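J.: A structural model of the following input is requested.
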Amino acid sequence: MFFRFIWKRDRVKRNLMIQDYSNGGLRMIDIRIMFKCCFLRWIKKLLSDDRETSIPTWKKIQLNLLSRLGPDLCILKYNFPAVHLLSKDLLTPLPLFYRKLILTWYEVKPVQNISDIETHQTKWQLLWNNKCIEYKGSMLYFSKWIEQHILYVNDILDEHGNLISLNDVKAIVGNNAHVLLQYNALGSFSLGCADWPFSGSKNGSVHLSVRPISCFTKIFS
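T.: So this is what the prediction gives:
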């Protein structure tokens, strides 16, 4: 519609029309960038902290919709590239608008590496779909655990910083056929290039203390 306002049929390439006059362009608005900016502003509002004020109705509706893909807006916190999001069909339950919204977010959201991690807060690393947390070269994703709000490293540690017992896990996620294998994976995965510091028993202790730099701050600042 924007380009048709100038002429009915394109006579100049659109990527040239958005250039400055000095480069032979018409300083036309880059529609794709404009839409992406609108999507990112929407994401910023969703991620804003409303603890000191009541959550507006529009936000409650959208949070409820996104909760289909996991609690605590974890769909916006995974640490992987956009192509992985498409390959896993994670957005299938959502309407088209929200699929575009989240895809745009992952197009600009940087994938963090082990070198991007700050010290002293490993416990807030997201466990699932995190390139910094892998088991045998693959990211972890246990849907039953996510449904029970086990999202961060801190959620699988006891008050002493040790891995919770298998019985504790069974009490939370249920005693299904895969829980033992999943528990062993969490007891032996690697955080980037560093070995996870406990062997899967409750006697092990956590020595890693790192937290990723907030990608939200990088993008919105």
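J.: Between the two ends of stretch 140-159, how far is it?
T.: One end of stretch 140-159 sits 24 Å from the other (CA to CA, to the nearest Å).
J.: which residues are contacting it?
T.: 70-72, 74, 122-130, 133-134, 163-164, 168-169, 172-174, 176, 178-179, 182, 185-186, 189, 202, 206 (CB atoms under 8 Å, 6 or more residues apart in numbering). The C-beta positions use only the backbone N, C-alpha and C, and glycine is treated the same way.
J.: Kindly report the same for stretch 49-58.
T.: Taking contacts as CB under 8 Å, 6+ apart, the residues outside stretch 49-58 that touch it are 59, 63.
J.: So which residues of this protein form helices?
T.: Taking DSSP state H as the criterion, the chain contains helices spanning 2-6, 14-17, 31-47, 57-66, 82-87, 96-108, 143-147, 166-173, 179-186, 215-220.
J.: Which of those has the lowest mean pLDDT?
T.: Note on those: lowest mean pLDDT is at helix 215-220, with a mean of 42.
J.: what's around residue 76, how many residues?
T.: Residues within reach of residue 76, counting by other CB atoms under 10 Å, total 18.
J.: what's the answer for residue 48, then?
T.: By the measure other CB under 10 Å, the count of residues near residue 48 is 11.
J.: So for it, what's the pLDDT?
T.: 83.
J.: Over to residue 78?
T.: For residue 78, the model assigns a pLDDT of 90.
J.: Tell me which residues touch the residue lying closest to it once chain neighbours are set aside, please.
T.: Beyond its immediate neighbours in the sequence, the residue positioned closest to residue 78 (CB to CB, 6 or more residues apart in numbering) is residue 129, lying 3.9 Å away. Residue 129 makes contacts with 78-80, 84, 139-141, as judged by CB under 8 Å, 6+ apart.
J.: again with residue 85
T.: Contacts here follow CB under 8 Å, 6+ apart; on that basis residue 85 touches 78, 91, 102-103, 106.
J.: ok, of those, which one's closest to residue 37?
T.: Nearest to residue 37 out of these is residue 103 (CB to CB; 14.6 Å).
J.: right, and that closest one touches residue 91 too?
T.: Yes: in this structure, residue 103 is within contact of residue 91 by CB atoms under 8 Å, at 7.3 Å.
J.: more neighbours, these two?
T.: Under the criterion of other CB under 10 Å, the comparison of residue 103 against residue 91 puts residue 91 first, with 18 against 15.
J.: what's near enough to touch the more buried one?
T.: Residue 91 sits in contact with 69, 85, 98-99, 102-103, where contact means CB under 8 Å, 6+ apart.
J.: now residue 72
T.: Taking CB under 8 Å, 6+ apart as the definition, contacts of residue 72 comprise 149, 151.
J.: now the one 10 residues further on
T.: Counting by CB under 8 Å, 6+ apart, residue 82 makes contact with 103, 106-107.
J.: any chance of these in a markdown table, with distance to residue 30 too?
T.: Converted to a markdown table, these look like this (distance: CB to CB, whole Å):
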| residue | distance to residue 30 |
| --- | --- |
| 103 | 18 |
| 106 | 20 |
| 107 | 15 |
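J.: Find me the pLDDT at the residue nearest to residue 78, would you?
T.: On the pLDDT scale, residue 129 is placed at 90.
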